[in-house]
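Chemist: For reference, the sequence and a predicted model appear below.
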Number of protein chains: 2
Amino acid sequence: MKYIKLNFIFGALLFASTGSYAQQEVIDTAAFSRIRKAELSSSQIPQIAHYLTDVSGPRLTNSPGYARAASWAVATMKKWGMTNAATEPWGTFGKQWEVQDFSMMMRAPYNAQIRAYPNPWSPGSTGLLQGEVMIITSAQAIDTVYLNSHATGFKGKFVLVTGEAADYKKDFEPSAERLADTALANLKDTYMVSRSMIDMYTTKYLKIFKTADRILKNAGALAFISAGRSNVNGTVFVQGRYGYKLTDPETVPQVTMASEDGQKIKRLIQSGQKVELAMSFTDKTSTEDTNGYNVVGEIPGTDPKLKSQLVMLGGHLDSWQAATGATDNAAGCIVMLEAVRLLDSLGLKPKRTIRIALWSGEEQGLLGSFGYVKSHFRDGVKFTVKPEQAKVSAYFNLDNGTGKIRGIFAQNNEKMKPIFEQWLKPFNDLGATTVTMANTGSTDHLAFDWAGIPGFQFVQDPIDYETRTHHSNMDDYDHLMIDDLKQAAIIVASFVYQASIRPEMLPRKPLVNETFVFDGF
Amino acid sequence: MKYIKLNFIFGALLFASTGSYAQQEVIDTAAFSRIRKAELSSSQIPQIAHYLTDVSGPRLTNSPGYARAASWAVATMKKWGMTNAATEPWGTFGKQWEVQDFSMMMRAPYNAQIRAYPNPWSPGSTGLLQGEVMIITSAQAIDTVYLNSHATGFKGKFVLVTGEAADYKKDFEPSAERLADTALANLKDTYMVSRSMIDMYTTKYLKIFKTADRILKNAGALAFISAGRSNVNGTVFVQGRYGYKLTDPETVPQVTMASEDGQKIKRLIQSGQKVELAMSFTDKTSTEDTNGYNVVGEIPGTDPKLKSQLVMLGGHLDSWQAATGATDNAAGCIVMLEAVRLLDSLGLKPKRTIRIALWSGEEQGLLGSFGYVKSHFRDGVKFTVKPEQAKVSAYFNLDNGTGKIRGIFAQNNEKMKPIFEQWLKPFNDLGATTVTMANTGSTDHLAFDWAGIPGFQFVQDPIDYETRTHHSNMDDYDHLMIDDLKQAAIIVASFVYQASIRPEMLPRKPLVNETFVFDGF
């Protein structure tokens, strides 16, 4: 017993000693409590979610749906009494595109509905297209020698890429999950895309896709169709490869169909049946305004010395377009908007100015956030830091689906770990416990990281983001978990407020001399 | 140790004693082994599945898809060398109907694809229908007083029934499962529909539906749309209520849409948006041949004294029509066809004649099997037993999806339990272990049960039959589990063969003097 007790005391001393390295954070727990109580009693999350998803529709960058969502967000922030609410151009994006009409039927060997969606920025068809289906493998689809030597065969055909045979697995495991304690304790770098991967894609595959598309176009193919990922109970994942830039080459219509339909057609052709499809597809494309726009708004700081400084928060407002982008990433925008609404409606007095930014072009390579950061914080050509860069304490991002917050990625910023651990403590009972040094990528805090500003993404429960909703036709309002979003709004509002009243700005990592700036596919 | 050993011996004596009540079955284990080996080395299940699903298409009773499947099955049985392969009319069914063309788009507040399917036997639309959506609740949809008093409001509208608010739950539990040992040990009566439930439906609800439909038709509604069951990741469950009989009243077009789309439209209307849909829907309906047809075929018995007796097996070939009815119930037909193919190709010599029957009209109330049984075994008016009834040893049915066989329902026939337990023993290693006295209903063995002939349905792993594939747009080939069907074919072929060589016919339950015969909705 004695030994144990001595050991315990020794441990407690060690703990105190470790703790002493970190400055004690003075946390406004009263404000945190007010935020939590307000959110749990009078949340506006269902309404915000409804307007960003149902009412706006798909929010592909520069599309009318994006414009509806952006206008609503600006008007709503003004209504709430926020300042400087506006759209802000971040640079050249490209076409304004949306689907006007789409349907696909199998016509032979019999009539059957096909579950299919146009790929973003695909040109529509001129009238009803009808013709035979020709199958190629995914290897052949990027083999330009093969495509050139078979080009005459593509004329008047729907060219369908089915990939390998479907290896359909039933959901004997849940398709939705929360992070277990062990998973939280072992978080690794996640969603990181290396520069070499991007290089490989842009310098190799994108060129191959464009060449392949040109061969099909010149050959007179009716359309290029991909059969979606299998094992997903009819869920169809639809995104674009390129096509939004005015300089992008014209292609035949590009479509993605459900795996089950694609595999059925492949089996029919393999057993000697002639398969015909009919497709009706009208797009609406405009080049009237090729600028990309973010949405910004502010709650002014109240401390005369600190109000010129900023605490920023955001998420990307753009989505893909087979559904209404509820979890990717209306969810993040809903939470961020609710967080500023809470702060504003509670009359809390942030010392620094709080600025929300909802990005566009995220799905094409974090274009809106990088455009914004290049305009405000670091030159995109000379890579010199701009004066405003010194005034931003931190940027908080949310973009990993509808799951509640379980912690935060410190993004390899050692000084932030003890600070965030103290900030998170009041939310441990809500399941938010973990500060990891690991990095996470593939979303907009990376733009701030690049500019030398502390940029953070929260750790979220995955739910069914990877299995069902991310970039899919399932990504609608009903696939949001409203209670999870409320929890996230409570934590984000509290963190942002705490950052606004903290005596010092948050500590920074050294600026990395990384001169690479990606400008989209 | 001694106590334990004594106990063990006492247990063994008890077991032997229980066993002695049952006649020892002489099982042809050599034949069972040949069947198993042949199926595992040269199964034709993928090919049979492909032709019944992909090539035939949806197999709604009397539809062209059903006719394709029936023709293929007859031709294939002839090719295999079976005798008396033919379609056989079982009585009057009604219309021959199929979808020629269908698409639905939301037109306001913006353009968006809607996941929707026509209900079976729905009339099509004349050209493109476009109009506003009006929401009613599921209670209002069967409240004829409400409908009459609001009739003028339905003119030119798409009337959408959304039911209660979607209570969307993520799949934190698997959507597919196998039966655990405890579940097998505790099987209860399942899928039983009582006469009072059928009475209630036919005398009350069906009349209400018809009245409600007439009100909508007279009011000039554009279509009647149901939003499907929620919590199913976009899966749409589509079936018909009535409409196949020549005497059925004409309705407006009947459509089912995905829950997510229905709930979105409801939220839009509730928040003050005007929602418009456009629908294009062409059906092809014929009354040229209103007979319903089953498919039959035989392997002749080889024992001069027994070959006039029958062992029957079957499943229903008809399906609903939003997919190709792979698990409901191509699966059962695939297994039964494979079973007779195995017996035939192995040159096994059944003593009794083996007759396969693939039914139609099952989904409208077991019409094909009851029609057959009334024609062959028991008069449907006088309820007298016909001579052929005495010659059928048993009927084996499979119709609970794609899961492998875990046992068999003895259907309250006490004498069958020890017999089936002996027959199943060689398949215990394949997971088939359980003979339950429980009843199961809702499928075609009930017709034989009604006629006093032992009719059995196997116990199957549920997989995702109830959650995803049963009557849904997911019910396609890729949702079959081919290895499970192989296991089922091995067991069915063995059981049918064993029944054919058994010295006596299988023991019967007393004929129940139940004079109720259901004749469809």
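Modeler: Thanks, I have the structure now.
Chemist: what about the longest strand in chain A?
Modeler: As assigned by DSSP state E, the longest strand anywhere in chain A is strand A:96-108.
Chemist: buried set for that one?
Modeler: A:Gln96, A:Trp97, A:Glu98, A:Val99, A:Asp101, A:Phe102, A:Ser103, A:Met104, A:Met105, A:Met106, A:Arg107 (16 or more other CB atoms under 10 Å in any protein chain shown). The C-beta positions use only the backbone N, C-alpha and C, and glycine is treated the same way.
Chemist: Identify the residues contacting the fifth one.
Modeler: Read that as A:Asp101. Contact partners of A:Asp101, counting by CB atoms under 8 Å, 6 or more residues apart in numbering or on different chains, are A:Ser280, A:Phe281, A:Thr282, B:Met105, B:Asn111.
Chemist: any residue of the helix or strand following the longest strand of chain A up close to chain B?
Modeler: Downstream of strand A:96-108, the next assigned helix or strand under DSSP states H and E is strand A:112-113. Yes - using CB under 8 Å from any CB of the partner chain, strand A:112-113 reaches chain B at A:Ala112, A:Gln113.
Chemist: wait, which of the contacts of A:Asp101 is closest to A:Asp399?
Modeler: Nearest to A:Asp399 among these: B:Asn111, at 26.9 Å, using CB to CB.
Chemist: and the closest residue to that closest one other than its chain neighbours, how far is that from A:Glu288?
Modeler: Excluding the flanking residues, the one nearest B:Asn111 by CB to CB, 6 or more residues apart in numbering or on different chains is A:Gln100, at 5.2 Å. Look at A:Gln100 and A:Glu288: by CB to CB, to the nearest Å, they are 16 Å apart.
Chemist: now whichever residue of the stretch 251-400 of chain A sits closest to chain B, nearest residue through space, not along the chain?
Modeler: Nearest residue of the stretch 251-400 of chain A to chain B (CB to the nearest CB) works out as A:Glu260 at 4.5 Å. Spatial nearest neighbour of A:Glu260, chain neighbours left out: B:Asp476 (4.5 Å); criterion: CB to CB, 6+ apart.
Chemist: secondary structure class for A:Val295?
Modeler: Following DSSP: H, G, I helix; E, B strand; the rest coil, we place A:Val295 in the strand state.
Chemist: from what I can see the residue nearest to A:Glu260 touches B:Asp328, true?
Modeler: No - taking CB atoms under 8 Å as the definition, B:Asp476 is not a contact partner of B:Asp328, at 11.4 Å.
Chemist: quick one: is the helix or strand encompassing A:Trp72 near chain B?
Modeler: Applying DSSP H and E as the criterion places A:Trp72 in helix A:64-79. Yes - using CB under 8 Å from any CB, helix A:64-79 reaches chain B at A:Pro64, A:Gly65, A:Arg68.
Chemist: Let me know the next secondary structure element after the helix-or-strand element of chain A with minimal mean pLDDT.
Modeler: Ranked by mean pLDDT, DSSP states H and E, the weakest helix or strand in chain A is helix A:2-19, scoring a mean of 37. Sequence order places helix A:29-42 as the next helix or strand after helix A:2-19, per DSSP H and E.
Chemist: buried set for that following helix?
Modeler: For helix A:29-42, the neighbour count (16+ other CB under 10 Å) marks A:Ala31, A:Phe32, A:Arg34, A:Ile35, A:Arg36, A:Ala38, A:Glu39 as buried.
Chemist: Check stretch A:194-209 too.
Modeler: A:Tyr201, A:Thr202, A:Phe209.
Chemist: which residues of the stretch 301-450 of chain A fall in helices?
Modeler: A:331-345, A:367-376, A:416-424, A:445-450 (DSSP state H, counting those that start in this stretch).
Chemist: For the stretch 101-250 of chain A, which residues are neighbours of chain B?
Modeler: Counting by CB under 8 Å from any CB, the stretch 101-250 of chain A sits next to chain B at A:101-103, A:105, A:109-113, A:115, A:117, A:166, A:168, A:170-178, A:230, A:233-235.
Chemist: Within its sheet, name the partner strands of the longest strand of chain A and how each one runs.
Modeler: Looking at strand A:96-108 with DSSP bridges, its partner strands are strand A:112-113 (antiparallel), strand A:276-286 (antiparallel).
Chemist: now the ones you listed in CSV, with mean neighbour count and mean pLDDT?
Modeler: Formatted as CSV, the strands paired with strand A:96-108 follow (neighbours: other CB atoms under 10 Å in any protein chain shown; pLDDT from 0 to 100):
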stretch, mean neighbour count, mean pLDDT
strand A:112-113, 22, 98
strand A:276-286, 19, 97
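Chemist: Neighbours of the closest residue to A:Thr384 other than its chain neighbours, how many?
Modeler: In space, and not counting its chain neighbours, A:Thr384 is closest to A:Arg378: 7.1 Å by CB to CB, 6+ apart. Here the number of neighbours of A:Arg378 (other CB atoms under 10 Å in any protein chain shown) works out to 23.
Chemist: again with the one 4 residues further on
Modeler: For A:Lys382, the count of nearby residues is 8 (other CB under 10 Å).
Chemist: which residues touch it?
Modeler: Taking CB under 8 Å, 6+ apart, one finds nothing in contact with A:Lys382.
Chemist: How about the closest residue to chain B within chain A: what's its closest non-neighbour residue?
Modeler: Nearest residue of chain A to chain B (CB to the nearest CB) works out as A:Ser103 at 3.3 Å. The shortest distance from A:Ser103 to any non-neighbouring residue, by CB to CB, 6+ apart, is to B:Ser103 (3.3 Å).
Chemist: thinking again about what came up before, make a PyMOL selection of whichever of the residues of the stretch 101-250 of chain A next to chain B turn out to be buried.
Modeler: Buried subset of those, written as a PyMOL selection, criterion 16+ other CB under 10 Å:
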select buried, chain A and resi 101+102+103+105+109+110+111+112+113+115+117+166+168+170+171+175+176+177+178+230+233+234+235
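Chemist: if I look at A:Ser71, how far off is A:Ala86?
Modeler: Applying CB to CB to A:Ser71 and A:Ala86 gives a distance of 11 Å.
Chemist: One more: A:Lys204?
Modeler: 40 Å.
Chemist: got it, and A:Leu187?
Modeler: 37 Å.
Chemist: Likewise for A:Asp54?
Modeler: Following CB to CB, the distance that separates A:Asp54 from A:Ala86 is 24 Å.
Chemist: who has more neighbours, these two?
Modeler: Legend: neighbour count by other CB under 10 Å for A:Asp54 and A:Ala86, higher for A:Asp54 (25 against 15).
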